[in-house]
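# Quick one, structure for this:
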Amino acid sequence: MKTLRQRVDEFALAHKLKIDEENYLNVVENEGNCPCRVEPHECPCTFALEEINSDGHCMCELFSK
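Numbers count the residues shown, from 1 in each chain. Reported below is the predicted structural model:
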């Protein structure tokens, strides 16, 4: 099983995204789930790419262009 760090790094690399390390700590504190969602969604969540394409970053600002 991949660690949270591996999932985040691989997602960022695959989509040529930047990672905000301070916001990464928020995800870690939220047990690997997106800190901005009411329902638990494993990070990176299924909404991230859509949000990045429309806003330049995901809702929790972990990933950005």
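# Excluding chain neighbours, give the residue nearest to the residue nearest to the spatial centre of the chain in space.
Geometric centre of the chain, nearest residue: Pro44, 4.1 Å, by Cα atoms, centre = their mean. Distances taken as Cβ to Cβ, 6 or more residues apart in numbering put Phe11 closest to Pro44, at 4.5 Å, once the chain neighbours are dropped. All C-beta atoms are positioned from the backbone trio N, CA, C, and that covers glycine.
# Go ahead and confirm that neighbour touches Phe63.
Yes - using Cβ atoms under 8 Å, Phe11 makes contact with Phe63 at a distance of 7.1 Å.
# more neighbours, these two?
Comparing Phe11 with Phe63 by neighbour count (other Cβ atoms under 10 Å), the higher total belongs to Phe63, at 25 against 17.
# Tell me where the chain has helices.
Under the criterion DSSP state H, the chain contains helices at 4-14, 21-29, 48-55.
# tell me the contacts of the residue nearest to Pro44?
Leu17, Pro44, Ala48, Phe63 (Cβ atoms under 8 Å, 6 or more residues apart in numbering).
# could I get the residues you listed as CSV with distance to Gly32 and pLDDT?
Listed next are these as CSV, based on distance: Cβ to Cβ, whole Å; pLDDT from 0 to 100:
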residue, distance to Gly32, pLDDT
Leu17, 18, 98
Pro44, 10, 93
Ala48, 14, 95
Phe63, 15, 97
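# and the gap between the closest residue to Lys65 other than its chain neighbours and Thr3?
Closest residue to Lys65 apart from its sequence neighbours, by Cβ to Cβ, 6+ apart: Gly56 at 5.3 Å. According to Cβ to Cβ, to the nearest Å, Gly56 and Thr3 sit 27 Å apart.
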